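Student: need a structure here:
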Amino acid sequence: MQTSELEEGNTDDIVRKITEIYSENEKLKKVDFTTAVLKIDQNRRRLGNISSVVVLFSVLIDISHVRAFPSYNISLGLWIWYTIHCLGRHKNAISKVIPVLSWLSIAQSCSIVTDIIFCSVWGNEITKGTSKSLKFSLILFIFNMFAKLPAIYFCAQIIYHIKCLK
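Tutor: Modelled structure (predicted):
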């Protein structure tokens, strides 16, 4: 719109154009809200799949009773599952999930660090041994470590999309 149109006093056209712009912005906001909710649900499902893999690997790691592997991975997998279960059921209290997801990401990061420490301390001795179940458990332990990386990413994505809703 040019200044000459404003000076002429054609207020009906000005009001009509302003309402068109406002309605287009409201449509964009609705699309952004819908997209954010869909992304949250999509990432929640992916996180659920990762939690199943983490719990499965953690249970299979405990097959070897020769050497004790860290067992905190089972609790982290169940924590992921519980968090996404609550996220799916309590959509009205979705903003209360942000601190839980943040602490979950921190716990996952710390568990990856402790997994690396465990592998560096005991990995050489385990690979030199003759027990196949122990080597199998070590391989699954390493796979479990890499399975937790996408969990951190999807937690961050869910937090980002929840903050977009505000």
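Student: which residues of this structure fall in helices?
Tutor: 3-8, 11-61, 72-89, 97-128, 132-165 (DSSP state H).
Student: save the ones you listed as TSV, and put in mean pLDDT and mean neighbour count too.
Tutor: C-betas here are computed from N, CA, C, even on glycine. Below are the helices of the chain laid out as TSV (pLDDT from 0 to 100; neighbours: other CB atoms under 10 Å):
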stretch	mean pLDDT	mean neighbour count
helix 3-8	49	10
helix 11-61	75	14
helix 72-89	83	18
helix 97-128	89	15
helix 132-165	88	18
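Student: what's in contact with stretch 158-166?
Tutor: Identification of contacts with stretch 158-166 by CB atoms under 8 Å, 6 or more residues apart in numbering yields 32-33, 36-37, 39-40, 43-44, 47, 87, 94-95, 97-98, 101-102.
Student: which one of those residues sits closest to Cys119?
Tutor: Leu47 (24.5 Å; CB to CB).
Student: how near is Trp103 to Ile159?
Tutor: 11 Å (CB to CB, to the nearest Å).
Student: just confirm Phe118 contacts Tyr72, I think it does.
Tutor: No - the criterion here is CB atoms under 8 Å, and Phe118 misses it with Tyr72 at 10.6 Å.
Student: report the contact partners of Phe154.
Tutor: Asn43, Arg46, Leu47, Ile50.
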